[in-house]
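> no sequence for this one, just the structure:
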């Protein structure tokens with residue numbers, strides 16, 4: 001297992017922790033309401049945890065071959081060179097889009113940091129803190145796509161083609 005694969009596995013575990021945090025926030029909020037109380041900004045923290053879980057799960061899903069793949073075109077291609085070319089082009093397009101999204105997410109978080117943006121809810125959290133999971137997850141996805149493209153170019157079998165995904 002490569003270092004990048006280990007990092008993707010850790011990111012997946014952290015995403016799972018954020019999912020568990022959502023459940024904990026909701027459970028505590030339910031109990032608090034039974035006693036006539038409310039947890040300040042619980043909705044904000046649950047939403048930020050959801051976003052973190054989504055973005056940090058991206059590289060893990062890529063590692064496991066769990067992203068949705070549109071194979072309709074590939075099913076009509078003859079096995080061999082055309083399929084390999086299709087995989088290379090599709091991966092390159094995904095890499096370009098992921099790189100673009102990573103760049104803009106990082107710029108977005110930097111702007112929040114530079115301008116000192118804070119949450120407008122009851123708890124004034126600097127917004128770059130919950131936003132930082134976006135560029136991290138997208139950067140790791142981009143790195144996973146680079147790894148996949150290199151495998152495609154070398155003609156190595158991909159995990160989802162071996163039935164491991």
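Sure, I can see it. Here the structure is a predicted model, which is why all the values come from computation and not from measurement.
> hey, which helix or strand in the chain has the poorest pLDDT?
Within the chain, confidence by mean pLDDT, DSSP states H and E is lowest for helix 72-76 among all helices and strands, at a mean of 77.
> Summarise which helices and strands it is packed against.
Counting contacts by 3 or more C-beta pairs under 8 Å, 6 or more residues apart in numbering; DSSP states H and E, helix 72-76 is packed against helix 81-115. (C-beta placed from N, C-alpha, C; glycine too.)
> Which positions within the helix it packs on qualify as buried?
Across helix 81-115, burial judged by 16 or more other C-beta atoms under 10 Å covers 86-87, 90-91, 94-95, 98-99, 101-102, 105-106, 109, 112.
> From the chain's centroid, how far away is that helix?
What separates the centre of helix 81-115 from the centre of its chain is 12 Å, taken as C-alpha atoms, centre = their mean, to the nearest Å.
> Check which element follows that helix along the chain.
Next helix or strand after helix 81-115 toward the C-terminus (DSSP states H and E): helix 128-131.
> which residues touch the nearest residue to residue 1 once chain neighbours are set aside?
The spatially closest residue to residue 1, leaving aside those adjacent along the chain, is residue 9, at 7.9 Å (C-beta to C-beta, 6 or more residues apart in numbering). By C-beta atoms under 8 Å, 6 or more residues apart in numbering, the residues touching residue 9 are 1, 60, 63.
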